[in-house]
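K.L.:
Following is a predicted model, sequence given first.
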Amino acid sequence: MPVQALGHPPRAVAYCGLIPSRMPHAMNAVKTLSLILFLAQAGLYAWAAHAAQDGVVSTSHPAASAAGARILAQGGNAVDAAAAIQFALNVVEPQSSGMGGGGFMMVYLAKTREIVIVDSRERAPGRANASQFAPDGQPLAFALASTSGLSVGVPGTVRGVDLALRRWGTLSLADALVPAIELAESGFRVNRFLADDIAHDGGRTALYPETAAIFRPGGRALLEGDWLVQPDLAKTLKLLARNGARAFYDGPLAAAIVRAQSRGRSELGDAGHGRMTRADLTAYQPTLRKPLIGHYRGWTLATMPPPSSGGLTMLQMLGMMERFPLGGVAQGYGPGSARTLHVMVEAMRLAFADRAVWIGDEDRQTGISGQDLLHPAYLAARSALIDPERRLENVTAGRPRGLDPARVSARRGGARAESPHTTHFAVMDKHGNVVTYTSTIEHTWGSGITVPGYGFLLNNELTDFNFLPAADTVSGNPGANDVAPGKRPRSSMAPTLLLKDGQVVAAYGSPGGATIINTVLNVTVNLIDHGMNMQQAIDAPRISVTHPAGTLSCEGSGSGLPAGISPASQLALRTLGHGGLDSAREDACQATIGSVQAVTVDTSNGRHDGAADPRREGTVIRVVR
Ligand code: GLU
């Protein structure tokens, strides 16, 4: 595939200023801004069309994209813009991401060609223990545990962003906070996605009065088009601007976080109360990591190592699939064919079986390492299990160190379904520095607990740990994802860079809990096997299964995309034995999976571009000098 195919076709006229190149939904603020700039600068069009680009941002909200573009237009670099975007998302996509959570920021430094990850994953407090989600040997109900202080991990986002700015940014934290402060103070219009998430919140925004006051003022849920002003959040952002990241981890704000998470659902009694202390907050530090590097059909992927399972599990899938000619239409494969989808699904089932047993916070375990799971001989053996004509009956974890998979998987970790939320964005500056960043408060609305007086939500990230401890010396199960003090819960987040001949050609990622891994896999296969450009790769329908015995979820005509997985492919998958494809419906694929934001480089001409997901209000803005 020619590398330039990754850039998506231009969708907007190039002119001086901010260029929103993808506007799938109503994006009044950005449209207005563009118009003003266009009228003011139309005379410069001919010059601008040939001018150098300062960069490109892609986020799932137009106001967050505008925040990043503004920083780039002012001469800031990709890390500066990413910091501004992250804080802006706390304001405009508060249900998905913010100061009360964590994430993984992957940074490509053009000058040194280094790739570094800032791991700001939340950690379990010092008083956490392996049985906290099953105090009587029975797992607590997820709905109750995840809306109690017990689920709140020590937040990492503020120190993570601050660390990145100090290392590679040119702006102060105060400068990076300016767009977010303005958005919180002046307000913004609630979009369809935020309104839907309030309307279908499973009760989360009504549980705690401080959250209800913001999103259900006077007892009425905010609707699309309503204006949302967040004075408490603005005050908190200003506090950080004045006193630095430290103000989050020490002092009155830290005390308020500890008090807020000490609450729990009354149904759980004492078991629901949070265990975080001021000392846990003071001690929190992000971790700098090297990416996990993998190869697929001559391309290189730099992706997320543990404590996320994201990169490792995706690379396992790619490794297992490489022997199949997925792009070969003549051989019965090709995009959307049942054969291609079947091989992908079987690779997902095999990799997820390994993930359930072997992957957790590697800093805290002595079991199987990522290198064991990616060993070529091991992957070849796993791949040999895939039969293109037949669905595998029983899929269990493999034995990367000769451990007996039957005995190990006999005692699973009591994992539960992960929620489909969080957010992903990507940004590139004029120097070619790139940030690809997935950030989260875990479930939509996190724990539902807003820190009183400070206006931001706390995460429920600790529910990503095993609810039932899985460690078992007899079977050899390392309990890789059991709760332990200071440990990070296993994530699925997978910010990824795609490289060809050492050059970055794309940066992408997605939200979606465990489905993140499959979304990033779908996009990667679309790019590499099917030769799609990035926008096509994002728009194409996705398929996902996140449990070895699980049923498929897939995108069809009911998913609101230009084209879904065809009824013929669905029928063929059903015939092969895959579940989740309701035989009563011709088009049983109704899911919406992930939300990918990406930036790309066309190596033939150096052109920077972006692509964004129509599944949310994905918005690309190119900044031209
Ligand atoms: N808790 C999830 C994880 O870390 C957040 C991602 C998501 O739900 O999209 O994988």
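P.N.:
Thanks, I have the structure now.
K.L.:
Please identify the residues of the stretch 401-550 of the chain in proximity to the ligand?
P.N.:
Neighbours of the ligand within the stretch 401-550 of the chain, by CB under 6 Å from any ligand atom: 418-419, 421-422, 440, 442, 461, 464, 491-493, 511-513, 516. For glycine as for every other residue, the C-beta is placed from the backbone atoms N, C-alpha and C.
K.L.:
N77 and W168 touch, don't they?
P.N.:
Yes: using CB atoms under 8 Å, N77 is in contact with W168, at 7.2 Å.
K.L.:
Give me the more crowded residue out of those two.
P.N.:
Shown here are N77 and W168; by other CB atoms under 10 Å, N77 has more neighbours (23 against 19).
K.L.:
Nearest the geometric middle of this structure, what residue?
P.N.:
Among the residues of the chain, the one closest to the centroid is P511, at 3.3 Å (CA atoms, centre = their mean).
K.L.:
burial count for the closest residue to it other than its chain neighbours?
P.N.:
Spatial nearest neighbour of P511, excluding adjacent residues (CB to CB, 6 or more residues apart in numbering): T422 at 3.5 Å. Using other CB under 10 Å, T422 has 31 neighbouring residues.
K.L.:
quick revisit: now the common contact residues for N77 and W168.
P.N.:
N433 (CB atoms under 8 Å, 6 or more residues apart in numbering).
K.L.:
Okay, now the unreliable bits of the protein?
P.N.:
Counting by pLDDT under 70, the chain shows low-confidence ranges at 1-52, 363-368, 402-420.
K.L.:
which bits of it sit near the ligand?
P.N.:
Proximity of the chain to the ligand, by CB under 6 Å from any ligand atom, involves residues 418-419, 421-422, 440, 442, 461, 464, 491-493, 511-513, 516.
K.L.:
In the residues you listed, find the pair that's most separated.
P.N.:
Farthest-apart pair in these is E461 and G512; separation 15.4 Å (CB to CB).
K.L.:
where's Y437, which helix or strand?
P.N.:
Y437 is located in strand 434-440, with elements delineated by DSSP states H and E.
K.L.:
From the contact counts, what lies against that strand?
P.N.:
helix 78-92, strand 102-109, strand 423-429, strand 496-500, strand 503-508 (3 or more CB pairs under 8 Å, 6 or more residues apart in numbering; DSSP states H and E).
K.L.:
ok, that strand: who's next to it in the sheet?
P.N.:
strand 102-109 (antiparallel), strand 423-429 (antiparallel) (DSSP bridges).
K.L.:
As TSV, those with mean neighbour count would be great.
P.N.:
Shown next, in TSV, are those (neighbours: other CB atoms under 10 Å):
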stretch	mean neighbour count
strand 102-109	26
strand 423-429	33
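K.L.:
Now the residue of the stretch 151-300 of the chain found nearest the ligand. Nearest residue, chain neighbours left out?
P.N.:
Scanning the stretch 151-300 of the chain for proximity to the ligand using CB to the nearest ligand atom identifies G153 as nearest, at 9.8 Å. Closest residue in space to G153, ignoring its immediate chain neighbours: E122 at 2.8 Å, by CB to CB, 6+ apart.
K.L.:
contacting residues around that neighbour?
P.N.:
By CB under 8 Å, 6+ apart, the residues touching E122 are G101, G102, V152, G153, V154, P155, G156, N459, E461, L462, R488, P489.
K.L.:
Restricted to buried residues, select those residues in PyMOL.
P.N.:
If you want just the buried ones from the contacts of E122 in PyMOL, going by 16 or more other CB atoms under 10 Å, the selection is:
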select buried, resi 101+102+152+153+154+155+156+459+461+462+488+489
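K.L.:
With distance to N243 as extra columns, can I get the strands paired with strand 434-440 in CSV?
P.N.:
Below are the strands paired with strand 434-440 laid out as CSV (distance: least, CB to CB, whole Å):
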stretch, distance to N243
strand 102-109, 21
strand 423-429, 26
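K.L.:
nearest to D602, of those?
P.N.:
It's strand 423-429; of the strands paired with strand 434-440, that one is closest to D602 (CB to CB) at 11.9 Å.
K.L.:
Work out the gap between the closest one and the centre of the chain.
P.N.:
Distance of strand 423-429 from the chain centroid (CA atoms, centre = their mean, to the nearest Å) equals 11 Å.
K.L.:
Between strand 503-508 and it, find me the angle.
P.N.:
Calculated by axes from the mean of the first three to the mean of the last three CA atoms, to 10 degrees, strand 423-429 forms an angle of 150 degrees with strand 503-508.
K.L.:
Start at 3, not 1
P.N.:
Got it, the first residue is 3 from now on, which makes the last one we talked about strand 425-431.
K.L.:
thought L196 was touching V93?
P.N.:
No: L196 is beyond contact range of V93, at 10.8 Å (criterion: CB under 8 Å).
K.L.:
the more surrounded of those two?
P.N.:
Counted by other CB under 10 Å, L196 and V93 do not tie: V93 has more neighbours, with 28 against 24.
K.L.:
S188 is in contact with that one, correct?
P.N.:
No: the pair V93 and S188 does not pass the contact test of CB under 8 Å, sitting 10.1 Å apart.
K.L.:
that older thread, of all pairs in the contacts of E124, which one is the farthest apart?
P.N.:
Longest span within these, CB to CB: V154 and R490, 13.7 Å.
K.L.:
shouldn't the residue nearest to P513 be in contact with T442?
P.N.:
Yes: between T424 and T442 a contact is recorded at 3.7 Å, counting by CB under 8 Å.
K.L.:
between those two, what contacts are shared?
P.N.:
Joint contacts of T424 and T442 (CB under 8 Å, 6+ apart) are S98, S99, M495, P513.
K.L.:
can you count the residues close to the third one?
P.N.:
Using other CB under 10 Å, M495 is surrounded by 28 other residues.
K.L.:
what's near enough to touch it?
P.N.:
G105, F106, M306, S310, G312, T424, T440, T442, G511, I518.
K.L.:
repeat for the first one
P.N.:
Shown here is S98, whose contacts under the criterion CB under 8 Å, 6+ apart are S62, L91, H423, T424, T425, T442, I443, T446, P513.
K.L.:
Give the closest residue to it in space, chain neighbours not counted.
P.N.:
In space, S98 is closest to T425, 4.3 Å off (CB to CB, 6+ apart).
K.L.:
roughly how far apart are that neighbour and L394?
P.N.:
T425 is 34 Å from L394, where distance means CB to CB, to the nearest Å.
K.L.:
same check, this time on P307
P.N.:
27 Å.
K.L.:
Same check on P141?
P.N.:
28 Å.
K.L.:
Which one's more surrounded, the two?
P.N.:
Higher neighbour count among P141 and L394: P141, with 17 against 14, using other CB under 10 Å.
K.L.:
And stretch 447-463, what's buried?
P.N.:
Buried-residue list, stretch 447-463, by 16+ other CB under 10 Å: 447-454, 456-463.
K.L.:
Can I get the helix or strand where D356 lies as CSV, trimmed to CA atoms?
P.N.:
Assigned by DSSP H and E, D356 belongs to helix 340-360. Extracted C-alpha coordinates of helix 340-360, given in CSV (Å, rounded to 0.1, in the frame of the first residue of the first chain):
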residue,chain,number,x,y,z
ALA,A,340,-17.1,-13.4,6.2
ARG,A,341,-13.7,-15.1,5.9
THR,A,342,-11.7,-12.1,7.0
LEU,A,343,-14.1,-11.3,9.8
HIS,A,344,-14.1,-14.9,11.0
VAL,A,345,-10.2,-14.9,11.2
MET,A,346,-10.3,-11.6,13.1
VAL,A,347,-12.9,-12.9,15.5
GLU,A,348,-11.0,-16.1,16.2
ALA,A,349,-7.8,-14.1,16.8
MET,A,350,-9.8,-11.9,19.2
ARG,A,351,-11.1,-14.9,21.1
LEU,A,352,-7.7,-16.5,21.5
ALA,A,353,-6.0,-13.2,22.6
PHE,A,354,-8.8,-12.3,25.0
ALA,A,355,-8.4,-15.8,26.6
ASP,A,356,-4.7,-15.0,27.3
ARG,A,357,-5.5,-11.5,28.4
ALA,A,358,-8.0,-12.7,31.1
VAL,A,359,-5.3,-14.8,32.8
TRP,A,360,-1.9,-13.3,32.0
